[in-house]
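Novice: Fold the following, please.
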Amino acid sequence: MVQKYQSPVRVYKYPFELLMRAYEMRFPTCEMIPIIIDTEILEEDVSPEGAVHMVDRRAKLNVEVPYLLKKIMGVEYLLFRQRNTKDLRARTLRIEAWNESFENRVEINEYCVYSVHPENPEWTCFEQSAELDIKNFFGFEGTAEKIAIKEYSKSIEKSKDIMEHFINVLADQGIKEVPQWVEPEQISNLPEQHHEVKIEIATDPNDKLRRKSSTKGRDQLMENSLGDNQDPTSKLEQDYIQMFLGKLEPMQESRLVQLKKCMTELQKAKAPPDPVVLRFLRARDFNVEKAREMLSASLIWRKKHGVDKILSEYQVPVVVRDYFPGGWYHQDKDGRPVFHLRLGQMDVKGIVRSIGEEGLTKLTLHICEEGLRLSEESSHRLNKPITTWSMILDLDGLNMRHLWRPGVKALLHIIEICEANYPETLGRVLIIRAPRVFPILWTLVCPLIDETSRGKFLFYAGTDGRGENFALHAGGLKDYIPEERIPDWLGGPANTGIPEGGLVPKSFYMSPQEFEKDQSPGPHLLENSCYNSISLNKGQVHEVLIQNQDKGSVITWDFDVMRHDVVFSVFRTKDNVKVKANTPTTLGTFNIGVNSDPEHHTSIGRGWKEGSEYFRVEAPIVCHDGESIQGSHVTQYVGSYILQWSYFERGVSGTSQDMWDTITHPQHKAKIMFYYEVLNSLDYKGSMTSLQSCQSGFSNISKASGQQSTSGVSSGVSSNLSECTARNQEAAES
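Specialist: Coordinates of the predicted model:
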């Protein structure tokens, strides 16, 4: 694969003539360039009027390579050619270089240009491009490529320092100015002769002969990379990159210049801003082609959904203004804008049912766009590169109600959008006051977050994490946020003005018809959703049988009581329950029917004793009409687990109803819509252990240790003692 390098424009704040005097001091050798052992001039030409000076040199290089590879190569030094053409009339120096050693196995071509700055004639610009093509190198092609890139990067990083060094040497010698070349009087009076001289130089047979040895694509490289007809808007200055985009390695700068040029050619006047180009490049590990594909797809997405207008056109819904506990407040210590989100105080179901998935997506996009705008403002105000923003994620109050399935699905969908269209925008996420239920949420969303982004999530695990002023302690928020900017709800002095959240009144809810018409992708809490609907008559139960083969896995459930009251319980059987043919209660098979008798048979056998043949792993809870219940259980055994819903009788009436009355009157039926999922134990343990392994301060949440987690996460209802009794019995039996 051909490796290409394209430098940004490096600006020297010195006149061209003075810079050329400093450049020539590098020859024949330079102590600051130890790789060059020796150089010899093969040919030198000067035009009659003295304006054009061409020097053709051969350089002997001592490249550091492994001993074995050097023995296989059979040479101590590598030979390179360099042809410099200095045109004092045009005030340019063009440098061509190529390898002579192993030219049939490796092709290295380089082209550089020194020229006058287009806006300041007292400054000089430098541009550089190169190509490396290793065809066959004794089976060490990969090693040779790494060595070549490493040595080339080192020379690029040192070149500016070397030039500055010789400028200082000249200053010490009293040379601070070199006069510009002046056209000789006899030549300037005879423009025809001047024209003939240029032709004679350009068509000299010896010059053609010299160029014949360097026709390995260098002319094409010169034209494509540093040609005079290149669009100036596609170029980037190195100082600009370092000031507004940050310090980059030479090869990273090259990739940025290449992608910038590519997008300018594709988008013409609508090319994306440089920070955006760099963000997509970082997201694809500086792979130009992959970044181009990702950025092009994102630009199409932005145009299709009118994202560029969202800052000016988005109207914040009243329910968001009053009940969404998130907002921007000042900057962190690095100058990044900070978004505060009190997720634990957010009524996820209420927000989603009020504005729909599409509304939640628009809200998120507005936050992302505002983050980009605020980052740019901070960068200009502080005169340093700021391209990301920070988030404080307060999880105090987070519980299983936040895992309402449509809300989680909407979150996953939004994460996919942000990962595809807003890569590398989050500089840091500080997660504080996380409860034990957090690992389940992290397990669900973690696979959709890029590995690089996961490394930016920091979790505060100090022992004083729930103390009033934990944010002000060493290792706490004050290490990242100015103390005067820490919110009052975290023990700081700042009043952020961010809403406190709380339950959203149902008066804000969309009607079922409106909710169904929500055009955003993803599931809805309706008949065609991921939920299953069942009805229960008096005395009936509905069960989901889960054959668990993964000790430590997490069973999660989420259901809404649509009518009447029900009792929900979770059981484990001592022995595996044998699944009968066409049994509708096995994992993933429901065959829902209102009055189907087999649907409501229990898997718990007649005569079974609780605490012996079966065990209640979650205490029964009564769920009332209209309630939404979420919960989970960390399995401790391999075997059969049962999720059970049963009809709940509200009390004893004066007269009993007969069976026919119970079946035929809808008001006596209970109805629920439910969803369940089993999470892999390895995913859950990794998330839980990463929380437990943190001792104090903020730690990287994406790095999980190899320790086993024994902490369970439940719905907040204490487990029945029968499970503990069962463990003691089983231990005695074993």
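Novice: show me where pLDDT drops low in the stretch 101-250 of the chain?
Specialist: 186-234 (pLDDT under 70).
Novice: so what's the backbone phi/psi at the nearest residue to Asn62 once chain neighbours are set aside?
Specialist: Spatial nearest neighbour of Asn62, chain neighbours left out: Ile37 (5.2 Å); criterion: C-beta to C-beta, 6 or more residues apart in numbering. For the C-beta atoms, the positions are set from N, CA and C on the backbone; glycine is no exception. For Ile37, the backbone dihedrals (degrees, to the nearest 10) come out as phi -80, psi -40.
Novice: isn't Ile37 right up against Leu61?
Specialist: Yes - between Ile37 and Leu61 there is a contact under C-beta atoms under 8 Å: 6.8 Å.
Novice: Among the two, which residue is more densely surrounded?
Specialist: Leu61 (17 against 13; other C-beta atoms under 10 Å).
Novice: Quickly list what the more buried one is bridged to.
Specialist: Note on Leu61: beta-bridge partners by DSSP bridges are Ile36, Leu78.
Novice: I'd like the average pLDDT over the host helix or strand of Gly350.
Specialist: Gly350 is part of helix 348-382, with elements assigned from DSSP states H and E. Average pLDDT, helix 348-382: 91.
Novice: Only C-alpha atoms, please: export the next helix or strand after that helix in PDB.
Specialist: Following helix 348-382 in sequence order, the next helix or strand is strand 389-394 (DSSP H and E). Listed next in PDB are the C-alpha coordinates belonging to strand 389-394 (Å, rounded to 0.1, in the frame of the first residue of the first chain):
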ATOM      1  CA  TRP A 389     -17.200  19.600  25.900                       C
ATOM      2  CA  SER A 390     -17.600  18.000  29.300                       C
ATOM      3  CA  MET A 391     -20.500  16.400  31.100                       C
ATOM      4  CA  ILE A 392     -21.300  15.900  34.800                       C
ATOM      5  CA  LEU A 393     -23.700  13.000  35.000                       C
ATOM      6  CA  ASP A 394     -25.400  12.900  38.400                       C
END
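Novice: If you count contacts, what does strand 389-394 end up packed against?
Specialist: Secondary-structure packing of strand 389-394 (3 or more C-beta pairs under 8 Å, 6 or more residues apart in numbering; DSSP states H and E): strand 337-341, helix 348-382, strand 426-432.
Novice: average pLDDT for the first one?
Specialist: By that I understand strand 337-341. Per-residue pLDDT values over strand 337-341 give a mean of 96.
Novice: residues making contact with it?
Specialist: Contacts to strand 337-341, defined as C-beta atoms under 8 Å, 6 or more residues apart in numbering, come from residues 325-332, 367, 371, 374-375, 378, 389-394, 481, 485, 487, 496, 498.
Novice: Can you tell me which of these are buried?
Specialist: With neighbours counted using 16 or more other C-beta atoms under 10 Å, the contacts of strand 337-341 contain these buried positions: 325-329, 331-332, 367, 371, 374-375, 378, 389-394, 481, 485, 487, 496, 498.
Novice: got the buried residues for the helix holding Gly350?
Specialist: Neighbour counts over helix 348-382 (16+ other C-beta under 10 Å) mark 348-357, 359-372, 374-376, 378-379 as buried.
Novice: same deal with stretch 274-286?
Specialist: Asp274, Pro275, Val276, Val277, Leu278, Arg279, Phe280, Leu281, Arg282, Ala283, Arg284, Phe286.
Novice: What distance do you get for the third one to Leu295?
Specialist: It stands for Val276. Going from Val276 to Leu295 by C-beta to C-beta, to the nearest Å gives 8 Å.
Novice: on contacts alone, who are the packing partners of the helix holding Gly350?
Specialist: Against helix 348-382 (3+ C-beta pairs under 8 Å, 6+ apart) you get helix 310-313, helix 318-323, strand 326-331, strand 337-341, strand 389-394, helix 405-421, helix 512-516.
Novice: Convert the third one to PDB, retaining C-alpha atoms only.
Specialist: Which is strand 326-331. The C-alpha atoms that make up strand 326-331 are tabulated as PDB, following Å, rounded to 0.1, in the frame of the first residue of the first chain:
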ATOM      1  CA  GLY A 326     -30.100  19.200  32.300                       C
ATOM      2  CA  GLY A 327     -28.400  22.300  31.000                       C
ATOM      3  CA  TRP A 328     -25.200  24.200  30.300                       C
ATOM      4  CA  TYR A 329     -23.300  26.000  33.000                       C
ATOM      5  CA  HIS A 330     -19.800  27.600  32.600                       C
ATOM      6  CA  GLN A 331     -16.600  25.700  31.800                       C
END
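Novice: hmm, who's touching it?
Specialist: Strand 326-331 is touched from outside by 337-342, 346, 367, 370-371, 374, 378, 482, 485, 487, 494, 496-499, with contacts defined as C-beta under 8 Å, 6+ apart.
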